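> I'll drop the sequence and a predicted model, then ask my questions.
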Amino acid sequence: MRRPRLPALPAATRTPLARLLVAACFCALLIYPWIYSKYLTTTLTQWLPDTSTAFVILAFTVMGLGLNFVVGYAGLLDLGYVAFFAAGAYIAGFLASEQFANAGSVVFGGTVLPGTPGIHLSPWLVILIAAIFTALLGIVIGIPTLRLRGDYLAIVTLGFGEIIPQFVRNGDNLGGFNLTNGSFGMNGIDGLGFGNRVHHAIHALPANFLNELDSRWYYWTALALVVVTIVSSILLRDSRLGRAWIAIREDEDAAAAMGVPLMRTKTLSYAIGAFFGGAAGALITLQAGATSPDAFSLQVSIFVLSMVILGGIGNVWGVALGGILLAYVNYKGLFAAGNTFNSTFGTNVDIPEYSYLIYGVAIVLFMLVRPEGLIPSARRRAELHEEEEEENLVPESSTA
Amino acid sequence: MTDELLVDARSVRKEFGGLVACNDIDFTVERGSIVSLIGPNGAGKTTFFNMLTGSYTPTAGEIVFDGRDIVGLPQHKITALGIGRTFQNIRLFGAMTALENVLVGMHARLDSGLFRSLFRTPLQRREERQGRAQARELLAYCGLSPRAERQYARHLAYGDQRRVEIARALATDPKLLLLDEPTAGMNPRETNAFVDFVRKAREDRGLTVLLIEHDMRVVVQVSERVTVLDYGEKIAEGTPDEVTADERVRSAYLGTKPVA
Amino acid sequence: MGTSVGTAAETSRRPSFALVPRLRSRAVAVVGILLLALVAFWLVENAVHDIRQFALVSLNGITNGSIYALVAIGYTLVYGILELINFAHGDVFSWGAMITYSVAISWLGASGHSGIALFGILAVGLVCAALFCATLNMAVERVAYRRLRNAPRLAPLITAIGMSFVLSNLIAVVYGFNYVSSEPLLPRGALFTIGGQAYGWDKLIVLLITVPTLVSLMIVVKRTRWGKAMRATAQNRDAARLMGIDVDRAIAFAFGLGGALAGIGGFVYLVYFTQGRFDLGFRIGLFAFTAAVLGGIGNILGAALGGYLIGFIENYNSGLTWHAPGPSWTESLVFILLILILVFRPHGLLGESLSTRS
């Protein structure tokens, strides 16, 4: 699992070839459900994820991209990103299920029938609220902790990554109140959908994605979220805020001396990272229809962090690709490889069981083979930039 | 009288775990002047700089800048009040271009936040455009070739890195410019050019300049007043001629006490 | 006994972004004192409520705490010398427990013996665990950390996280994902009883192993040539090199020493709790790290005391009856404590507050 060699790096997205490549990748992802169903009968499907697996892959890629705001741009090592995943998941559970059935029936644009007990907001609204709530949680966690030095911050975030799932696990009895159902988690969470009114107007748009034959609508939703995250990443990177983040990553003291307010800027990166983590968490939960505290372990945080490391810290396209690649390996590739391995050698090894051994080895190897570690994208950007400089001396439109 | 003083520091003291780095230093800078802070290594010059910029908080004493007590203010607020600085060992943002480095210096003067940046409002676009134009002007003013402005700071030649650092400090629109050993590593020709540059910048931009400097020729050429620190104490103050004639300064520099 | 291997360099780099530092520190002090008062009140109330239970729980706390102390020292040694949070240290501890299982229980069949034979077998198990973990920790340093010594600060930390996953999952490869367990090995007969509840021999035996180990470690660090070389390296690596100290070997020594202690900790854990699993080291590692931070990271005595403090917290929380949050909250409490300490007293409870800028 070497770091993939990426053709498209930030500075290169301005060249026509890179743009073409990005557009081609996007189109391929867009029509993936059809590609998959076309090759359904061939042996290739053993290696291709079905649409619901592909959905999960994309949703985790959103998390990788979200974490990139924190680790990649601002250079803050966050080992507790799973906390935001958990927060997003549970907010979705609260606002789109029968969890609070004794509060009566609050149906607002949900995908359920009117009169269903519990709170059922429109799933799109749920995702937005989950993201905003999680961003606020990020601010609350960030304000006391972001003043800490890098490695201490890492440990503290890890602590929050453990505290929040434990809170959820113990949340069935908070002074007698059952908030979270404890270790049972929540079930019967509404699916995504456009609702009956939209469906009656435009029949192509399903009222509830759960009623569809496959998960392609979920898949497209996740893809849309990936696109939103990438676009936000790029827009923010090429702005005053993005420059301040990268300045902090490069030299915190110098950044402060140049007038960058450290706490506010760091907290903002943390909040935005949390925002996308919460959105992805809510999306995954709405698709799965259930969530439980067991889903929120340190492993998830490290898994998402590995995406950022693998893809090239701070490099949007790299992280997107690293995220898709790693999530693919985790949710499909290893199973496929394990099956192939076992059927070829007649063994019975459960290869996916050792996935974290593989990720661990990959992290260590990657850090050792590229000891400059945290700034490879910058270095490679710089190298690419020099080549570009030769042919393109027009000082206009320097994005950065 | 006090209106003439841009910096008025009284009994400023800094201790590091019992070690006194600056011992009750009184120090003033008149508006529009060029002042040098000199002294052997470890005399407390950079510590004093760091207290002026807010990167250290003094253990005791007060620092009034432009009529405001700045002790305890966070660094970015002090920068916004009008103190810009360079560092002893150049500290550019290596993975950013020269132009971006200068734009970071403008951070406090621009105000596009999260939403304007995300939605690329006309206001944000105009501000970016103007900011870039100003940054280019500043880089050109400091003598950087247009070719170099899109290069990554870590790939720039040493002299260009110095130029970018000064441009970045000027981008904060300072009233007071702090230069920490700006001529280190320069040859005599470059040093002369630098002295001219500092004078010119003061005229053009109405700056007050405070330098830490080792090269006594530069100190004598450029500064109107000189303050000498040794072992955290102020041992002399005055015009360059007065200071160089001072017995204590001579002994501090020439060896009754260890210089390194 | 101030065997500190902390560095001064780090303190000068910590920036302060406090709005009004003096005001803030006063408010923090007030809140801190209130919190401490609350905890003290809770403890006293519990003691009055049921003094026997309180005494017993305290004694249990000492036993658990001594395991944390052993592991915490490994964190503090490495942090003191490299400023690296050796994330994989908890998993070295897990390996200690598993090696003990293999050697003493699987190979030598400890559960079928008693008396001197059992003592001999356990001694062999302890030595094997200590040696194996010392070697393992040094190997990790050699393979993964040494090359990154001058890399950006977060690079070795990320590597350490990767190493942690490698080590714990290697246990899963060898021993599987489930618990391995043994018959009780230590005599569990009552040494004395308090209010009808027994204090077992096994708890005392744990102390008889751990306390001398901790004392001899202090002596090694303070008195021996290698200990001195290690402390010199921690204080100033370049100066130590100029003085003719082999810095690489001093660092390897710190890893070896920390590894050996973790191995002994693993041994104690296995014979005391009679079970172990691949992910054992995660929780205990984090508790021990918290202990090291509590004591002022880099401070060996502090780490040991911090370990005991964590042991008390864990047992008071799970064992006391009057308004204790209960064992399901232990981790959250420890982490909240860790966060509070890091945010408000980053030099720990023992380390003098050298905060230079506020």
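Here it is on my side, so go on.
> In contact with residue 113, which residues?
Chain wasn't specified; assuming chain A. If you count contacts by CB atoms under 8 Å, 6 or more residues apart in numbering or on different chains, residue A:113 has them with residue A:107. From N, CA and C alone the C-beta is placed, and that goes for glycine too.
> Please refer instead to chain C.
residue C:121.
> Would you report the backbone torsion angles of it?
phi -120, psi 170 (degrees, to the nearest 10).
> Look up how far chain B lies from it.
Per CB to the nearest CB, to the nearest Å, residue C:113 is found 55 Å from chain B.
> So for that residue, what's the pLDDT?
Listed pLDDT for residue C:113 reads 81.
> go on, residue A:216?
Residue A:216 is given a pLDDT of 89.
> Give me the number of neighbouring residues for the residue nearest to it when sequence neighbours are not counted.
In space, and not counting its chain neighbours, residue A:216 is closest to residue A:33: 4.0 Å by CB to CB, 6 or more residues apart in numbering or on different chains. Neighbourhood size, residue A:33 [other CB atoms under 10 Å in any protein chain shown]: 20.
> ok, now how distant is residue A:33 from chain C?
Applying CB to the nearest CB, the value for residue A:33 to chain C is 34 Å.
> cool, and residue B:26?
22 Å.
> Specify the local secondary structure of that residue.
strand (DSSP: H, G, I helix; E, B strand; the rest coil).
> got the contact list for it?
Listed by CB under 8 Å, 6+ apart, the contact partners of residue B:26 are B:9, B:10, B:11, B:12, B:234.
> show me the contacts for the fourth one.
What it means is residue B:12. B:22, B:24, B:25, B:26, B:27, B:48, B:51, B:58, B:60, B:61, B:62, B:63.
> Tell me the buried residues within those.
B:22, B:25, B:27, B:48, B:51, B:58, B:61, B:63 (16 or more other CB atoms under 10 Å in any protein chain shown).
> Let me see the backbone angles for the fourth one.
Note on residue B:48: its backbone torsions stand at phi -60, psi -40 [degrees, to the nearest 10].
> Now do it against residue B:65, distance only.
As judged by CB to CB, to the nearest Å, residue B:48 and residue B:65 stand 13 Å apart.
> coming back round to it: within the helices and strands, which one has the residue nearest to residue A:216?
Assessed by DSSP states H and E, residue A:33 sits inside helix A:32-38.
> After that helix, which helix or strand is next?
helix A:51-67.
> What ranges does the stretch 1-150 of chain B have for its helices?
B:45-53, B:75-81, B:98-105, B:114-119, B:122-141 (DSSP state H, counting those that start in this stretch).
> ok, and does the shortest one reach over to chain A?
Yes - for helix B:114-119, a contact with chain A is found by CB under 8 Å from any CB of the partner chain, at B:114, B:117, B:118.
> Highest neighbour count among those?
residue B:117 leads the residues of helix B:114-119 next to chain A on contacts (other CB under 10 Å) with 20 neighbours.
> Show residues contacting stretch A:220-228.
A:26, A:29-30, A:33, A:55, A:58-59, A:61-62, A:65, A:192, A:209, A:279-280, A:283, A:320.
> For residue A:239, state which of those residues is nearest.
Nearest to residue A:239, judged by CB to CB, of the contacts of stretch A:220-228 is residue A:65 at 16.7 Å.
> In what element of secondary structure is residue 214 found?
Here I'm looking at chain A. Counting by DSSP H and E, residue A:214 is part of no helix or strand.
> Hmm, no, I was thinking of chain C.
helix C:201-223.
> can I get the CA coordinates of that helix in CSV?
Extracted as CSV, the C-alpha positions of helix C:201-223 are listed here (Å, rounded to 0.1, in the frame of the first residue of the first chain):
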residue,chain,number,x,y,z
TRP,C,201,-2.6,-12.2,49.5
ASP,C,202,-2.5,-11.7,45.7
LYS,C,203,-2.9,-7.9,46.2
LEU,C,204,0.1,-7.8,48.6
ILE,C,205,2.2,-10.0,46.3
VAL,C,206,1.6,-7.5,43.5
LEU,C,207,2.9,-4.8,45.7
LEU,C,208,5.9,-7.0,46.7
ILE,C,209,6.8,-7.2,43.0
THR,C,210,6.1,-3.7,41.9
VAL,C,211,7.4,-1.5,44.7
PRO,C,212,10.9,-3.0,44.7
THR,C,213,10.9,-2.7,40.9
LEU,C,214,10.1,1.0,41.1
VAL,C,215,12.7,1.6,43.8
SER,C,216,15.4,-0.2,41.8
LEU,C,217,14.5,1.7,38.7
MET,C,218,15.0,5.0,40.6
ILE,C,219,18.4,3.8,41.7
VAL,C,220,19.3,2.7,38.1
VAL,C,221,18.4,6.1,36.7
LYS,C,222,20.0,8.0,39.5
ARG,C,223,23.1,6.1,40.2
